[in-house]
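A.B. asks: fold the following and give me the result.
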Amino acid sequence: MKYSLNPHIFVFGKTINKSKISISFLSYLLRGKQNILIDTVPDRAAEAYIQDIESVLPVSQIDALSLNHSEEDHSGALQAVLDRHPNLPYTARRLRKNASRKNIRQLISALSSTVKA
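C.D. replies: Prediction:
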């Protein structure tokens, strides 16, 4: 799955639909003077994930990767990304359960109003 929120923000991910619930694993690419990737997806979706990123820009043009935490749902495709960009700087930090979504929304909001092509 890939879609654009605007010309500078792309969302990549995988959705698993169960009978009573849908679970989404999302990653965000913020494009501008620097290209920042936030999170990855589970490893089992890594190949499609890389193809989706590469349809926007080569993985080698990503300047940094930020992982909200190191568990598989946020960092499973890290190795696939690093295989294509071995020197990519990345960070991972554990946040309170609801803080990561709030922080991503705030970051996207801030970047949306300041990023220039």
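A.B. asks: now Ile16. Nearest residue, chain neighbours left out?
C.D. replies: Ile23 (4.7 Å; CB to CB, 6 or more residues apart in numbering). Using the backbone N, CA and C atoms, a C-beta is placed for each residue, glycine as well.
A.B. asks: mind giving me the packing neighbours of the helix or strand hosting the one you found?
C.D. replies: Assigned by DSSP states H and E, Ile23 belongs to strand 22-30. Judged by 3 or more CB pairs under 8 Å, 6 or more residues apart in numbering; DSSP states H and E, strand 22-30 is in contact with strand 9-17, strand 36-38, helix 99-114.
A.B. asks: my guess is the residue nearest to Ile16 contacts Val41, does it?
C.D. replies: No: assessed by CB atoms under 8 Å, Ile23 is found out of contact with Val41, at 11.6 Å.
A.B. asks: where does this structure have low pLDDT?
C.D. replies: Filtered on pLDDT under 70, the chain yields the residue ranges 69-74, 93-117.
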